[in-house]
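Enquirer: Attaching a predicted model along with its sequence, questions to come.
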Amino acid sequence: MSVDAATVRRIAHLARIAVSEDEVPHLQGELNAMLAFVEQLSEVNVEGVEPMTSVTPMQMKKRQDVVDDGEIADDIVANAPATEGHFFLVPKVVE
Amino acid sequence: MTDLTSLTLAEARKGLADKTFTSLELTDAHLSAIEKARVLNAFVMETPDRAREMAKAVDEKIARGEGGPLAGIPLGIKDLFATKGVRTTACSKILGNFVPTYESTVTSQLWRDGAVMLGKLNNDEFAMGSANETSCFGPVGNPWRREGSNTTLVPGGSSGGSASAVAALLCMGATATDTGGSIRQPAAFTATVGIKPTYGRCSRWGIVAFASSLDQAGPIARTTRDAAMLLRSMAGHDPKDTTSVDIPVPDYEAAIGQSVKGKRIGIPKEYRLDGMPAEIEKLWSEGAEWLKAAGAELVEVSLPHTKYALPAYYIVAPAEASSNLARYDGVRYGLRESAKNIIELYENTRAEGFGAEVRRRVMIGTYVLSAGYYDAYYLRAQKVRTLIKKDFEDCFARGVDAILTPATPSAAFGIGEKGGADPVEMYLNDIFTVTVNMAGLPGIAVPAGKDAQGLPLGLQLIGRPFDEETLFSLGEVIEQAAGRFTPARWW
């Protein structure tokens, strides 16, 4: 399988990465090189094989349903590029 | 006094305990070595004030007889580990001047045991790379050069800063992480020892995530014993990482010098690649002979799905990365580019903040997870992963204790030499290491010899889950037989 220019633009948008028109051919080439490389997986017989979900056999641990963290709003917003009080600022989302 | 930077971690521990020197003296010696080695670009942030402060505090503890297992030992920390109050970037522009308000579990355990932080080490952006060339701080130089050449070589990656700093004697050991070979490949390129423990052995909490089902932390050190000492402090259960395993951490150092008599060492025929340099083939047989001479038994084994590990990895890892890196949105931390609306804010920030390799992997990951392609790519890759793991399980079920392979398909190469036209050329570096991540197993890279140009080469040992001890015992045998390798100082 390989991707065309329109697919590259669509993937870029899905990945929320701005891609200029002149970058598209180059990216298309690189993505197709990767896809050509992984193509060899199609020759493996995976009939009846379970997909791996956990590399080590383990039970999902469950935490106690208690508050053990919090009241750290200052820490949470400390690295934000734009804040007001304890809120993150973003461009207007809802008109 | 002999140069304090040339001691091993174990020797330094003894010197500190005997009061031959203080942690402050040991720390100052390394800080001055770091200053003189800035051309290597191994450190992206030096923290001398903090280092001296930590050293003084630990000297007082040592005087009171309260020092921990790593009391007074100066270390470098890969910039993927969150360090409270010290900038942590994963060497990506998108994290900008991110200063964590928390400490990663692994580093907090090192400080608990008395280690001293010298600074933060360079790595490939988000640990995506095999040459440390994708860092936003620029490439790292390998302290090793080809004989008679002034060409600067790569130290490998992604933990290139860690490997370079340890090899150049700038720190006594370093933290590193390994998703497809990022500890073992740079260790092999720099004649250092690097171990990726079993998945779940070290907590991933506070480590910048790349591919969560593959990422593991581990040390890069000057000797097998030093690596064992560091891993003991780094490992352990952490309730904050649900994949961290709740089993006791053994005293790994006790495995150093243990007899390997009767251990069955698998030699996998699939790792004998067409066109593999003769010197790597030779090194591999030599390593096998050393283990045999120490009483181990060699058995030929087969891992039939080996060749599919790298392609499967380049579906699974980018898929997980595309999901993990969705958090870099220009809202909560790091870089933010201006935009008219929220979608453009995301798109502009991520275009500006991510480097070329990261953009490429996020896009391929997005593609293989997208509607209509998930089954063909991601699901198939996860099934292949099951088969890769089963190859190893079959091998261990036949009584094999560990598997010996080359660590890399070549020695270090020049900056800019690989992957320019085709990204896959660079990916092939991890061909021997990536299987281990796919199966969640422990793997250690140990220096074993040099190629014709005088560059170090390493061997890899792969172990049963949570049997890092056997790897340390076998690694020590190789280290004793091969000797230690130190680069000539040119920086």
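Expert: Here it is on my side, so go on.

Enquirer: and the closest residue to residue A:28 other than its chain neighbours, what is it in contact with?
Expert: Sequence neighbours aside, residue A:8 is the residue nearest to residue A:28 in space, at 4.8 Å (criterion: C-beta to C-beta, 6 or more residues apart in numbering or on different chains). In this view, the C-beta of every residue, glycine as well, is placed from N, C-alpha and C. By C-beta atoms under 8 Å, 6 or more residues apart in numbering or on different chains, the residues touching residue A:8 are A:19, A:24, A:27, A:28, A:31, B:363.

Enquirer: Give the helix, strand or coil label for residue B:120.
Expert: Here residue B:120 takes the strand state, with states given by DSSP: H, G, I helix; E, B strand; the rest coil.

Enquirer: any idea how far it lies from chain A?
Expert: Look at residue B:120 and chain A: by C-beta to the nearest C-beta, to the nearest Å, they are 16 Å apart.

Enquirer: which residues touch that residue?
Expert: Counted by C-beta under 8 Å, 6+ apart, residue B:120 has contacts B:43, B:44, B:45, B:47, B:76, B:77, B:78, B:79, B:83, B:86, B:87, B:88.

Enquirer: do you know how far the residue nearest to residue A:28 is from residue B:376?
Expert: From residue A:8 across to residue B:376, the span is 18 Å (C-beta to C-beta, to the nearest Å).

Enquirer: With residue B:486 instead?
Expert: In this view, residue B:486 and residue B:376 are 49 Å apart by C-beta to C-beta.

Enquirer: pLDDT wise, what is the spatially closest residue to residue B:366 that is not a sequence neighbour at?
Expert: Nearest non-adjacent residue to residue B:366, counting by C-beta to C-beta, 6+ apart: residue A:15, 4.2 Å away. Residue A:15 carries a pLDDT value of 98.

Enquirer: Then residue B:277?
Expert: Looking at residue B:277, its pLDDT reads 88.

Enquirer: So it sits against residue B:410, correct?
Expert: Yes - counting by C-beta atoms under 8 Å, residue B:277 does reach residue B:410; the two are 6.5 Å apart.

Enquirer: hang on, the earlier thing: you'd agree the residue nearest to residue A:28 is in a helix?
Expert: Yes - per three-state DSSP, residue A:8 lies within a helix segment.

Enquirer: Closest one of the contacts of residue A:8 to residue B:406?
Expert: residue A:31 (30.3 Å; C-beta to C-beta).

Enquirer: For that closest one, pull up the helix or strand it's in.
Expert: If you go by DSSP states H and E, residue A:31 is part of helix A:24-38.

Enquirer: That helix: how far from the chain's middle?
Expert: Distance of helix A:24-38 from the chain centroid (C-alpha atoms, centre = their mean, to the nearest Å) equals 18 Å.

Enquirer: Residue B:364 is in contact with the residue nearest to residue B:366, correct?
Expert: No - using C-beta under 8 Å, residue A:15 is not in contact with residue B:364; the gap is 9.4 Å.

Enquirer: what touches both of these two?
Expert: residue B:322.

Enquirer: These two - which one has more neighbours?
Expert: Comparing residue A:15 with residue B:364 by other C-beta atoms under 10 Å in any protein chain shown, the one with more neighbours is residue B:364, at 27 against 24.

Enquirer: Quick check: buried residues in the helix or strand hosting residue B:232?
Expert: For residue B:232, the element it lies in under DSSP H and E is helix B:224-234. By neighbour count on 16 or more other C-beta atoms under 10 Å in any protein chain shown, the buried set for helix B:224-234 is B:224, B:225, B:226, B:227, B:228, B:229, B:230, B:231, B:232, B:233, B:234.

Enquirer: Any idea how many residues pack against the residue of the stretch 1-150 of chain B found nearest chain A?
Expert: When scored by C-beta to the nearest C-beta, the stretch 1-150 of chain B has residue B:101 as its residue closest to chain A, at 3.9 Å. By other C-beta under 10 Å, 13 other residues sit near residue B:101.

Enquirer: hang on, it packs against residue A:75?
Expert: Yes - with contact defined as C-beta under 8 Å, residue B:101 reaches residue A:75; the gap is 3.9 Å.

Enquirer: most centrally placed residue in the chain?
Expert: Using chain A here. Nearest to the mean C-alpha position of chain A, by C-alpha atoms, centre = their mean, lies residue A:15 at 6.9 Å.

Enquirer: meant chain B, my bad for not saying
Expert: Among the residues of chain B, the one closest to the centroid is residue B:183, at 2.0 Å (C-alpha atoms, centre = their mean).

Enquirer: excluding its backbone neighbours, what's nearest it?
Expert: Excluding its sequence neighbours, the residue lying closest to residue B:183 (C-beta to C-beta, 6+ apart) is residue B:194, at 4.1 Å.

Enquirer: Tell me the secondary structure at the one you found.
Expert: Per three-state DSSP, residue B:194 ends up strand.

Enquirer: so residue 75 is in which element?
Expert: Picking chain A for this. Take DSSP H and E as the rule and residue A:75 turns out to sit in helix A:73-77.

Enquirer: Hmm, no, I was thinking of chain B.
Expert: strand B:74-78.

Enquirer: for the very next helix or strand once past that strand, which positions count as buried?
Expert: Moving toward the C-terminus from strand B:74-78, the next helix or strand (DSSP H and E) is helix B:105-112. Residues of helix B:105-112 classed as buried: B:105, B:106, B:107, B:108, B:109, B:110, B:111 (neighbour count, 16+ other C-beta under 10 Å).

Enquirer: Now distance to residue A:55 and pLDDT too, for those, in JSON lines please.
Expert: Below are the buried residues of helix B:105-112 laid out as JSON lines (distance: C-beta to C-beta, whole Å; pLDDT from 0 to 100):
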{"residue": "B:105", "distance to residue A:55": "19", "pLDDT": "98"}
{"residue": "B:106", "distance to residue A:55": "19", "pLDDT": "98"}
{"residue": "B:107", "distance to residue A:55": "24", "pLDDT": "98"}
{"residue": "B:108", "distance to residue A:55": "25", "pLDDT": "98"}
{"residue": "B:109", "distance to residue A:55": "23", "pLDDT": "98"}
{"residue": "B:110", "distance to residue A:55": "25", "pLDDT": "98"}
{"residue": "B:111", "distance to residue A:55": "29", "pLDDT": "98"}
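
Enquirer: Among the buried residues of helix B:224-234, which ones lie close to chain A?
Expert: When contact is defined as C-beta under 8 Å from any C-beta of the partner chain, the buried residues of helix B:224-234 do not meet chain A at all.

Enquirer: Now the spatially most distant residue from the centre of chain B. Nearest residue, chain neighbours left out?
Expert: Taking C-alpha atoms, centre = their mean, the residue of chain B most remote from its mean C-alpha position is residue B:340, at 41.3 Å. Leaving out its chain neighbours, the residue that sits closest to residue B:340 by C-beta to C-beta, 6+ apart is residue A:91, at 6.7 Å.

Enquirer: any idea how far that neighbour lies from residue A:73?
Expert: Between residue A:91 and residue A:73 the computed distance is 22 Å (C-beta to C-beta).

Enquirer: do residue B:29 as well
Expert: Using C-beta to C-beta, one obtains 43 Å as the distance from residue B:29 to residue A:73.

Enquirer: Near chain A, which residues of the stretch 51-200 of chain B? Just list them.
Expert: By C-beta under 8 Å from any C-beta, the residues of the stretch 51-200 of chain B that approach chain A are B:98, B:99, B:101, B:102, B:198, B:199, B:200.

Enquirer: any low-confidence regions in the stretch 51-200 of chain B?
Expert: Counting by pLDDT under 70, not a single residue of the stretch 51-200 of chain B qualifies.

Enquirer: Which single one of the buried residues of helix B:224-234 is nearest to residue B:293?
Expert: Using C-beta to C-beta, the buried residues of helix B:224-234 come closest to residue B:293 at residue B:224, 17.3 Å.

Enquirer: wait, that closest one sits on residue B:187?
Expert: No - applying C-beta under 8 Å, one finds residue B:224 not in contact with residue B:187, separated by 11.0 Å.

Enquirer: Find the residues that touch each one of those two.
Expert: residue B:193.

Enquirer: so is the nearest residue to residue B:351 once chain neighbours are set aside in a helix, a strand, or just coil?
Expert: Nearest residue to residue B:351, sequence neighbours excluded (C-beta to C-beta, 6+ apart): residue A:18, at 3.9 Å. Under the three-state scheme (three-state DSSP), residue A:18 adopts coil.
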